[in-house]
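My questions are about this predicted structure, shown below with the sequence.
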Protein chains: 2
Amino acid sequence: MTAYDALMAHQRETEALGQISGRLAWDQETMMPRGAVDQRGEELAALQSVLHARKTDPQVADWLASIDDAALDLVGQAQMRHIRRSHARNVKVPARLAAEIARVTSRAHRIWAEARADDDFAAFAPTLSEVLALRREEGAALADGGDVYDALLQDYEPGATAAELDAMFGALRPRLVALREAVLAQPAPAGLEGSFDEAAQMKLSRLVAKTFGYDMSRGRVDKAVHPFSSGSGDDVRITTRTNALDPFNCIYSTIHEVGHASYEQGIDKGYRLTPVGRGVSMGVHESQSRIYENQLGRSRAFCGWLYSQMVEAFGDFGIDGPDAFYAAVNKVHRGFIRTEADEVQYNLHVLIRFDLERALISGALEVGDLEAAWNDRFAADFGYPVDKASDGVLQDVHWSAGLFGYFPTYSLGNVYAGCLHEALRAAIPDLDDQLAKGDLDPATSWLRQNLQQYGGLYEPREIIERASGKAPSEAPLIGYLEQKFKALYAL
Amino acid sequence: MTAYDALMAHQRETEALGQISGRLAWDQETMMPRGAVDQRGEELAALQSVLHARKTDPQVADWLASIDDAALDLVGQAQMRHIRRSHARNVKVPARLAAEIARVTSRAHRIWAEARADDDFAAFAPTLSEVLALRREEGAALADGGDVYDALLQDYEPGATAAELDAMFGALRPRLVALREAVLAQPAPAGLEGSFDEAAQMKLSRLVAKTFGYDMSRGRVDKAVHPFSSGSGDDVRITTRTNALDPFNCIYSTIHEVGHASYEQGIDKGYRLTPVGRGVSMGVHESQSRIYENQLGRSRAFCGWLYSQMVEAFGDFGIDGPDAFYAAVNKVHRGFIRTEADEVQYNLHVLIRFDLERALISGALEVGDLEAAWNDRFAADFGYPVDKASDGVLQDVHWSAGLFGYFPTYSLGNVYAGCLHEALRAAIPDLDDQLAKGDLDPATSWLRQNLQQYGGLYEPREIIERASGKAPSEAPLIGYLEQKFKALYAL
């Protein structure tokens, strides 16, 4: 057996154990009896300890030293790129620091949840300072003298730099602010009325999931507090949630997660249980969830089909015809919460976090000044003040978990979705005719063919370029948003 | 840290990983998408490989060598007894042989399933010979010159011997044969009529599970092809099945599995994720499932309560009053299949297998003669011939999996249930008054207090003696069966 074969056999077992870990996380959110939570903590810790031992196994360094990547084929080189990147990361971060981050973030999650419940940022600030200090230390270890924030960003979006993102997002921000101001000055469209049976919402969501190409023989749809997608290869499960007053939450959460899940399901089967057999980055993943949810799922053409399904499932719900339904689906509304935001405002929420977390990492902003900085920036971009910390700086779990560098991948995913959508429209001129019939197959097949199948074979930016035929840019996204919402709001 | 503490910390992680393995098995039978089966195989193999490496870790032998069991408390001594037993087993069986058994039984399962579908024992016989040869080799390695069958029995029932079981079962057999003959000569009681909504069956089963003390906050009830109980400690899940024509299948499968699950849930919380924190043997486990299912669940008193619940759930179903319902629940019927057998005939099915598998292991019976031997014995005990191999020698999965020594624990569990039932009746003279009200708490609390809480603290036979106050014997079981069925069938 060559060193490469031996390393890949070892890696394959590690990937399989990682899938098990993901399955337990799914179980915890969907099926696990509530009394099992402490025992599950011990079970997961045992599995993490096994995974950690495998990652730091000295054999791996020996294999890596003896493999000549240039002698491998394209797939082998991509496998090695992922394995070497992950190994280099593990080597650079002292075990003591990694353990300390795990310990502090576990505690920080509880403290954040309590502080959010109490709307009391000051109660969370000292813990956030600890988390931040540890992640800055980790970032410095990873950066090797380079930019600390960029080093952290690599965990989520290999190859990306804050400067590149800042250029894209900086171009987006004023046009999004202007668009939201113009839209919100117009009369609001009608919303939904009445109550929507939750079992019927789940039934319709499953139909919609299948319509978008989600393979139910290699996945399943359940309810959970937070929608998510979990797993790779032939076992990719999604969750959604129901709210009797708001069926859109259930349906569009489902479509979003189907985008993530279809990416994983769509990867070439030959890559299963290898590093190339997973979605390549958070940004590319989000490009799939967002193009499914928004550019396809919230299009006028698809809304026509969905309206007829909604009428069949729920009867009259206060919306008169597909045009009014399209307006209701795309209603722009004031609000504080990122995860509830519409297409126009979503990225403004993300950009606040991107700018503030860079300032925290660089030291330009102190944790003690974070709430005020958040509130100032929110008022500047949204035009009204934050009412309480749980609607502002405490709303997201990410920073308590040490996830600095994660937020920008949401907007990068939207930018990428814009690029892909432009190319998709060019490739399939009659796309709207198909969407209007509820036929998503041409669109999802194009995405599978041009992006999803490759998994981690190419680097994130490279796969977007290959699929869209151009260097990524924010231009298609902002152009799409302005065109869509100016038409919708008669601007 | 002492060697004992270090060993127990290592063992605790192993137990936690074992629980994960069990959870995946549960998932596979209940939730897993069917397309995930191959990937799940790889995931499970990776986890088994981790568990195997832990069991053969040379550190364990070092710890074992340096621990003085006599210096430990009662719990520590029991932990060491389990760990040393398991370790000694692993040391005695060559890795080559263990791997060969895993490989051959995995293939044997497929060949058995095909042979059963084709009613063709000859197609399975060569593979069964391979499995048997390997298990005889393993048994010889474990026996150290002692009895090979007894050595295999230890995997399922530590401390038991075939001679002791043979004495009990030999005393049971003629009285069971006589009882079934007498009963089946009488007119059959009325059976159920009509169709029973399967969702209502599941609802009633969950109610019955709670009634029997199953803690739903640390478990859950789902549907699966085969009923089973899975997990220990705070996450013990059960499955049942539904058949529109036979609600008893669903309800009594549930009660049976609740017996297993309540045993696991009832073990002292301080033992969680240790060897003592699991049910001590297959026989003791089966004593709990059977006493819940039969001595309690099929009693006249409990049937009165269940009848009223059935009427509430399903309306009229052709049974006129609780006495007729009790007769229907306990109807003795001709049949070939062990898992569908009533209380009178169940152990006759098991005894066939016990006698035949001992003859196979000793070499007194060749695999080529097994089908004829099965059919002769069946005709002798049941009075009519086996009609086809799938109703006879091919009906059970066990031998294809190499499980020689497992079958007798079913009947031992019934014998133990008889002993416990006698003691329970003596301890709670008004038990029937409580059962008639659907109040199982006094009975299940007595079992928890006297048996379940101890987990693996005492050896199997010892815990039955402590709980029942006597040496185990078949006398209470056969006495109970004769009394119950002679009354029911007016003999």
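Alright, I've got the coordinates.

what about the stretch 201-350 of chain A, any weak spots by pLDDT?
By pLDDT under 70, the stretch 201-350 of chain A contains no weakly predicted segment.

Going along the chain, name the strands of it.
A:221-223, A:229-230, A:237-240 (DSSP state E, counting those that start in this stretch).

Would you tell me whether the second one gets close to chain B?
The one in question is strand A:229-230. No: using Cβ under 8 Å from any Cβ of the partner chain, we find that strand A:229-230 stays clear of chain B, coming within 12.1 Å at best. For every residue, glycine as well, the C-beta is placed using N, CA and C.

Each with direction, which strands does that strand pair with?
Sheet pairing of strand A:229-230 (DSSP bridges) gives strand A:237-240 (antiparallel).

what about the helices in the stretch 351-491 of chain A?
In the stretch 351-491 of chain A, the helices defined using DSSP state H, counting those that start in this stretch lie at A:370-382, A:407-427, A:431-436, A:441-450, A:460-468, A:475-488.

so which of the ones you listed is the most packed in?
Of these, the one with the most neighbours on average (mean count of other Cβ atoms under 10 Å in any protein chain shown) is helix A:407-427, at a mean of 24.

which helices and strands does that one pack with?
Where contact means 3 or more Cβ pairs under 8 Å, 6 or more residues apart in numbering or on different chains; DSSP states H and E, helix A:407-427 is packed against helix A:162-184, helix A:282-290, helix A:343-362, helix A:441-450, helix A:460-468, helix A:475-488.

wait, what's in contact with residue A:346?
A:338, A:410, A:414 (Cβ atoms under 8 Å, 6 or more residues apart in numbering or on different chains).

ok, now residue A:231?
Applying Cβ under 8 Å, 6+ apart, the residues near residue A:231 are A:19, A:22, A:23, A:26, A:219, A:237, A:264.

filter these to the buried ones?
Buried subset of the contacts of residue A:231 (neighbour count, 16 or more other Cβ atoms under 10 Å in any protein chain shown): A:19, A:22, A:23, A:26, A:219, A:237, A:264.

Centre-most residue in chain A?
By Cα atoms, centre = their mean, chain A has its centre lying nearest to residue A:286, at 4.4 Å.

Could you measure from the residue lying closest to it once chain neighbours are set aside over to chain B?
Among residues not flanking residue A:286 along the chain, residue A:413 sits closest, at 2.3 Å (Cβ to Cβ, 6 or more residues apart in numbering or on different chains). Residue A:413 sits 26 Å away from chain B, going by Cβ to the nearest Cβ, to the nearest Å.

so what's residue A:413 scoring on pLDDT?
On the pLDDT scale, residue A:413 is placed at 98.

Same question for the one 4 residues further on.
Predicted confidence (pLDDT) for residue A:417: 98.

hang on, the earlier thing: mind putting the helices and strands packed on helix A:407-427 into JSON lines with distance to residue B:472?
Output for the helices and strands packed on helix A:407-427, formatted as JSON lines (distance: least, Cβ to Cβ, whole Å):
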{"stretch": "helix A:162-184", "distance to residue B:472": "73"}
{"stretch": "helix A:282-290", "distance to residue B:472": "60"}
{"stretch": "helix A:343-362", "distance to residue B:472": "67"}
{"stretch": "helix A:441-450", "distance to residue B:472": "63"}
{"stretch": "helix A:460-468", "distance to residue B:472": "67"}
{"stretch": "helix A:475-488", "distance to residue B:472": "75"}
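
For residue A:108, find the nearest of the ones you listed.
helix A:343-362 (14.3 Å; Cβ to Cβ).
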